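1. coordinates only, sequence not included:
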């Protein structure tokens with residue numbers, strides 16, 4: 001019971017694309033989205049002489065620089081994944097070397113402007129994340145924290161109603177002794193800030209290419225020839241194919257936007273360094289897994305004894321499955337705008353969790369429930385949903401009008417991510433690394449996903465700076481983070497198992513890295 005409370009209290013504070021692949025998107029139906037739409041590629045199958053146009057920013061509010069760069073045949077570095085970890089990686093690489101030519105590719109459309117209020121007032125269309133000490137530290141290191149904080153809302157405590165409690169019986173808890181104040185914002189707003197920062201500061205170095213899929217065809221000789229552990233410092237360039245994608249609406253089972261990509265028509269590019277930050281999509285990780293299977297199939301029994309454990313993405317079955325629906329809420333002016341509001345129904349059938357989307361009282365709430373609950377179904381009865389609020393959530397029912405209640409009843413529920421991690425290494429050869437949700441996907445406990453993904457970028461920067469060669473930096477990063485990805489997912493999953501009751505103090509359940517610090521101090525810094 002308590003483990004479920006800990007989960008839902010942090011549910012809105014999720015990782016970089018915890019509820020959707022780590023790639024930026026514009027929610028369908030949003031007002032005035034900012035797009036950098038790619039023009040159609042003039043391509044021919046199986047050729048490296050194809051061209052494309054870099055999308056441009058059409059925002060009238062952002063002083064971004066329009067570009068019409070063609071997709072090149074070669075880059076110094078390629079980042080696959082345009083979410084928070086991917087864009088922060090591009091910023092990190094640009095700061096390391098002003099002569100670097102960097103490309104970012106993502107399958108979905110570009111993010112909205114972070115300052116377009118008409119977009120962000122639709123709070124139930126966007127997933128909120130909470131940035132604690134580790135996430136803030138990583139963003140500050142690369143010079144973007146002040147910009148992120150300017151469009152975030154602080155959360156300094158929590159007000160909770162136990163099952164059956166009256167509206168006036170909520171208990172308020174403030175985290176007065178926390179050294180870092182959690183800052184909350186929509187995930188896509190964070191992506192929009194990083195996008196804008198790149199366009200304003202690194203447009204000549206970094207190409208942002210949205211609605212493109214990247215598939216590795218060669219990880220370089222040292223990986224393809226199974227010589228990844230040899231002593232040579234050089235490797236041939238990595239080869240990738242780039243194909244055009246088109247966004248499509250979600251379905252009743254997967255309501256978040258997705259993309260359909262060309263298969264037979266593509267262009268070929270090369271790079272010296274590849275970062276896979278494509279989150280739950282795991283295009284690069286899946287290619288690494290396939291490459292490892294192929295490589296091992298060619299080895300004899302003696303060679304397999306010395307080739308180490310196979311690379312794989314460990315996928316856990318979800319034995320405590322919950323789904324959720326989002327609810328926009330405007331809290332009264334006499335309520336605090338910097339608290340997490342929470343309530344549970346009798347029998348813990350449904351949990352209500354609300355976090356601020358801004359500092360003006362605009363909240364986004366979640367209804368967390370079992371997938372077979374009648375209120376979790378699409379086109380459920382809005383009268384039954386209203387009755388449930390009137391009986392169980394007396395303090396919140398009056399804040400939701402009938403039109404909103406009907407929309408919530410009509411929408412399909414969304415799924416939480418399954419627990420997954422990549423290992424036992426997170427590199428392929430000497431020039432490819434994985435980070436973010438591509439190596440550790442968890443349910444959104446305490447915002448660990450988002451903060452750990454941003455911290456991954458900082459650790460990669462350390463590894464590259466401390467190493468004499470790219471190869472050394474790649475192996476150093478893998479050594480540092482592969483085991484930690486395993487630990488993060490394993491600890492989080494164990495807390496989520498059904499029937500578990502953890503004897504922890506019920507403190508503010510927002511970005512509680514301190515609890516995890518006690519369990520694994522080598523991995524989690526206290527908040």
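-> Structure received. Quantities reported herein were computed from a predicted structural model and do not represent experimental measurements. Residues are numbered from 1 along each chain as shown.

2. Lowest-scoring secondary structure element of this protein by mean pLDDT?
-> Lowest by mean pLDDT, DSSP states H and E among the helices and strands of the chain is helix 2-9, with a mean of 41.

3. After whichever strand or helix holds residue 88, which helix or strand is next? Please name it.
-> In this structure, residue 88 sits in helix 84-96 according to DSSP states H and E. The helix or strand immediately downstream of helix 84-96 is strand 102-106, counting by DSSP H and E.

4. Okay, buried residues for the helix or strand following that next one please.
-> Using DSSP H and E, the next helix or strand after strand 102-106 towards the C-terminus is helix 117-120. Using 16 or more other C-beta atoms under 10 Å as the test for burial, helix 117-120 gives 119, 120. All C-beta atoms are positioned from the backbone trio N, CA, C, and that covers glycine.

5. what's stretch 474-489 in contact with?
-> Identification of contacts with stretch 474-489 by C-beta atoms under 8 Å, 6 or more residues apart in numbering yields 314, 316, 419-427, 429-433, 435, 439-442, 448, 452, 456, 459-460, 463-464, 466-467, 520, 522-523.

6. From these, list the buried ones, please.
-> 419-427, 429-433, 435, 439-442, 448, 452, 456, 459-460, 463-464, 523.

7. What about residue 383, how many residues nearby?
-> Neighbourhood size, residue 383 [other C-beta atoms under 10 Å]: 12.

8. host element of it?
-> Using DSSP H and E, residue 383 sits within helix 382-392.

9. Which helix or strand lies directly C-terminal to that helix?
-> Next in sequence after helix 382-392, counting helices and strands by DSSP H and E, comes helix 402-410.

10. what's the offset of that following helix from the middle of its chain?
-> Centroid separation for helix 402-410 versus its chain: 28 Å, with C-alpha atoms, centre = their mean, to the nearest Å.

11. So which of the contacts of stretch 474-489 are in helices?
-> Mapping the contacts of stretch 474-489 onto helices (DSSP state H) picks out 448, 452, 456, 459, 460, 463, 464, 466.

12. contacting residues around the fifth one?
-> For residue 460, the residues meeting the contact criterion (C-beta under 8 Å, 6+ apart) are 89, 92, 275, 433, 435, 473, 477.

13. Model confidence for it, exactly?
-> With respect to pLDDT, residue 460 has a value of 98.

14. try the first one
-> Residue 448 carries a pLDDT value of 78.

15. ok, it to residue 486 distance?
-> Distance of residue 448 to residue 486, computed by C-beta to C-beta, to the nearest Å: 14 Å.

16. One more: the fifth one?
-> Between residue 460 and residue 486 the computed distance is 18 Å (C-beta to C-beta).

17. likewise the second one?
-> Taking C-beta to C-beta as the measure, residue 452 falls 12 Å from residue 486.

18. what do you get for the last one?
-> Counting by C-beta to C-beta, the gap from residue 466 to residue 486 is 23 Å.

19. Low-confidence stretches in the stretch 251-400 of the chain?
-> For the stretch 251-400 of the chain, applying pLDDT under 70 flags the ranges 251-257.

20. in stretch 126-142, what counts as buried?
-> 126-139, 141-142.

21. I'd assumed residue 143 was in a strand, is it?
-> No. Residue 143 is assigned coil when assessed by DSSP: H, G, I helix; E, B strand; the rest coil, not a strand.

22. what sits against the nearest residue to residue 100 once chain neighbours are set aside?
-> Spatial nearest neighbour of residue 100, excluding adjacent residues (C-beta to C-beta, 6 or more residues apart in numbering): residue 76 at 4.6 Å. Taking C-beta under 8 Å, 6+ apart as the contact definition, residue 76 lies against 97, 100, 101, 102, 271, 272, 273.

23. report the longest helix in this structure, please.
-> Assignment by DSSP H gives helix 470-496 as the longest helix of the chain.

24. Spell out the residue ranges of the strands in the stretch 251-400 of the chain.
-> Here the stretch 251-400 of the chain has its strands, by DSSP state E, counting those that start in this stretch, at 258-261, 267-276, 312-315, 323-330, 339-344, 351-356, 362-369.

25. Just the buried positions in the first one, please.
-> This means strand 258-261. Buried residues in strand 258-261, counted by 16+ other C-beta under 10 Å: 258, 259, 261.

26. how about the second one, what does it touch?
-> Yep, that's residue 259 we're talking about. Neighbour list for residue 259: 107, 108, 211, 213, 245, 246, 247, 248 [criterion: C-beta under 8 Å, 6+ apart].

27. what are the bridge partners for it, then?
-> For residue 259, the beta-bridge partners under DSSP bridges are residue 247.

28. And it, how far from residue 244?
-> Counting by C-beta to C-beta, the gap from residue 259 to residue 244 is 10 Å.

29. swap in residue 266?
-> Residue 266 is 8 Å from residue 244, where distance means C-beta to C-beta.

30. looking at this protein, which residue ends up farthest from its center?
-> Here the centre of the chain is the reference, and by C-alpha atoms, centre = their mean the most remote residue is residue 302, at 40.7 Å.

31. about what we covered before: of the buried residues of stretch 126-142, which one scores lowest on pLDDT?
-> residue 126 (81).

32. quick one, what contacts that one?
-> Contacts of residue 126 by C-beta under 8 Å, 6+ apart are 27, 120, 186, 187, 188, 189, 357, 364.

33. quick one: which of those has the most company?
-> Neighbour counts for the contacts of residue 126, by other C-beta under 10 Å, peak at residue 188, which reaches 29 neighbours.

34. angle of the strand or helix carrying it against strand 102-106?
-> Per DSSP H and E, residue 188 falls inside helix 187-201. Orientation of helix 187-201 against strand 102-106 (axes from the mean of the first three to the mean of the last three C-alpha atoms, to 10 degrees) gives an angle of 150 degrees.

35. Output the contacting helices and strands for helix 187-201.
-> In terms of contacts (3 or more C-beta pairs under 8 Å, 6 or more residues apart in numbering; DSSP states H and E), helix 187-201 is packed against helix 84-96, strand 128-131, helix 145-149, strand 206-210.

36. can you pull the buried residues of it?
-> 187-199, 201.

37. now swap in stretch 152-171 and tell me
-> Those would be 152, 153, 155, 156, 157, 158, 159, 160, 161, 170, for stretch 152-171 by 16+ other C-beta under 10 Å.

38. of all these, which comes closest to residue 350?
-> Distance ranking of the buried residues of stretch 152-171 against residue 350, using C-beta to C-beta, places residue 161 first at 12.8 Å.

39. Contacts only, for the closest residue to that closest one other than its chain neighbours.
-> Nearest in space to residue 161, with sequence neighbours left out and distances taken as C-beta to C-beta, 6+ apart, is residue 343 at 4.0 Å. When contacts are counted by C-beta under 8 Å, 6+ apart, residue 343 touches 160, 161, 165, 170, 351, 352, 392, 393, 395, 396.

40. about what we covered before: is the residue nearest to residue 100 part of a helix or strand, or is it coil?
-> Going by three-state DSSP: residue 76 is strand.

41. Same question for the one 3 residues further on.
-> Each residue gets one of three states, and residue 79 gets strand by three-state DSSP.

42. Contact partners for it?
-> Residue 79 sits next to 86, 87, 89, 90, 93, 102, 103, 104, 105, 275, 277 when contact means C-beta under 8 Å, 6+ apart.
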